[in-house]
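> Sequence and computational prediction follow.
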Amino acid sequence: MKKAFIQLHIAVFLAGFTGILGRLITLNEGLIVWWRLLISAVTMWILFLPAKRIQKISAADMMKIAGIGLVAALHWVSFYGAIKYANVSVALVCFSSVGFFTALLEPILLKTAYKPVELLLGLFVIAGIFIIFHFDTHYKTGIIIGVISAILGAVFPIGNRQLMQRMNAETLMTYELTGGFLALSLFIPFYLEKFPGTHRIPVFSDWLWLLFLSWICSVWAFQLSANALKKIPAFTVNLTYNLEPVYGIILAFVIYRENQDLGKSFYIGLLFILIAVALQTVRVWRREW
């Protein structure tokens, strides 16, 4: 059990580290995601196909997974876009609103009842983002893109939930990343016409960070989470992932000194968000235990 908890926290830490890599890699946000998907998908096929971990699925499921993969790809594109237009800390603060949008969209997409407490806690997060948006005006574009990323980030796990009942995680993730890559490949030429960036081929340092992002923060982190799930309840895993923006913001403060660029409104807004995350954690913990 101890080993499983260590694996889980490493996976969450690596998820938080992806924001740092979004700033380190000099490619624009669209190309970061395109290369990440390509490298990760190829790696998963190499690892899981010989091990017979990839199941056969129907054409209908392939189309559904490809659609979810595109949503995931657009979530990542907008997340890295928020970093480019604002900074890592602001992008991660916006990412923390995923819980609110999940509570808002899940009843619509899955036709279930609304949970007023989750909506209320989510509104607390939105209030925190609004405080930052209102007072730190130079981050407005990044915040808008970050909120779009959070909406997309809420949609794709909802779509995954039903598919996970019919196939293993390796099958879902491999097809999802592959579908996301193929779908994004159709759009990337038009995207690059609008947002060409400074260069399209990764420089040497970009290759190093892209491989780290794909192999360590994507493939290995996925395997760590999957191993942790074998020993730790799913709700505990989900709660632990609430620490992802916290880890990421701390890393941004340490590595980039972003705390020197942020005003009081950021910390007030962040406090609102941390309170909401803490209350949600306590609420779910008491309910399950």
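Noted; the coordinates are in hand. Numbers count the residues shown, from 1 in each chain.

> could you pull out the helices for this structure?
With DSSP state H, the ranges of helices along the chain come out as 2-24, 29-48, 59-85, 88-95, 98-110, 116-135, 140-163, 169-194, 204-211, 221-229, 234-240, 244-256, 264-288.

> Pick the most buried one from the ones you listed.
Comparing these by mean neighbour count (mean count of other CB atoms under 10 Å), helix 88-95 comes out on top with a mean of 28. Every C-beta, even on glycine, is put in place using the N, C-alpha and C of the backbone.

> Quick one: mean pLDDT over that helix.
In this model, helix 88-95 has an average pLDDT of 91.

> what's the answer for stretch 12-31, then?
Averaged across stretch 12-31, pLDDT comes to 94.

> Please give the centre-to-centre distance between it and its chain.
Offset of stretch 12-31 from its chain centre (CA atoms, centre = their mean, to the nearest Å): 11 Å.

> May I have that stretch as CSV, with CA atoms only?
Listed next in CSV are the C-alpha coordinates belonging to stretch 12-31 (Å, rounded to 0.1, in the frame of the first residue of the first chain):
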residue,chain,number,x,y,z
VAL,A,12,0.4,13.6,-9.6
PHE,A,13,3.7,15.5,-9.3
LEU,A,14,4.5,14.7,-12.9
ALA,A,15,1.1,15.9,-14.0
GLY,A,16,1.8,19.2,-12.2
PHE,A,17,5.2,19.3,-13.9
THR,A,18,3.6,19.3,-17.4
GLY,A,19,2.9,23.0,-17.0
ILE,A,20,6.6,23.7,-16.4
LEU,A,21,7.4,21.9,-19.6
GLY,A,22,4.8,23.9,-21.5
ARG,A,23,6.9,27.0,-20.8
LEU,A,24,10.3,25.3,-21.4
ILE,A,25,9.4,24.0,-24.9
THR,A,26,9.8,26.7,-27.4
LEU,A,27,7.2,25.3,-29.9
ASN,A,28,3.7,26.8,-30.0
GLU,A,29,1.0,25.1,-28.1
GLY,A,30,-0.5,23.3,-31.1
LEU,A,31,2.8,21.7,-32.0
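
> ranking the helices of the chain by mean pLDDT, which is last?
helix 234-240 (a mean of 63).

> List the contacts of residue 147.
94, 97, 129 (CB atoms under 8 Å, 6 or more residues apart in numbering).

> Over to the second one: give its phi and psi.
The phi/psi pair for residue 97 (degrees, to the nearest 10) reads phi -80, psi 0.

> before we move on, back to that, turn the contacts of residue 147 into JSON lines, including distance to residue 230.
Shown next, in JSON lines, are the contacts of residue 147 (distance: CB to CB, whole Å):
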{"residue": "94", "distance to residue 230": "32"}
{"residue": "97", "distance to residue 230": "30"}
{"residue": "129", "distance to residue 230": "35"}
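
> Going by distance to residue 189, which of those residues wins?
Lowest distance from residue 189 to the contacts of residue 147 (CB to CB) belongs to residue 94, with 27.8 Å.
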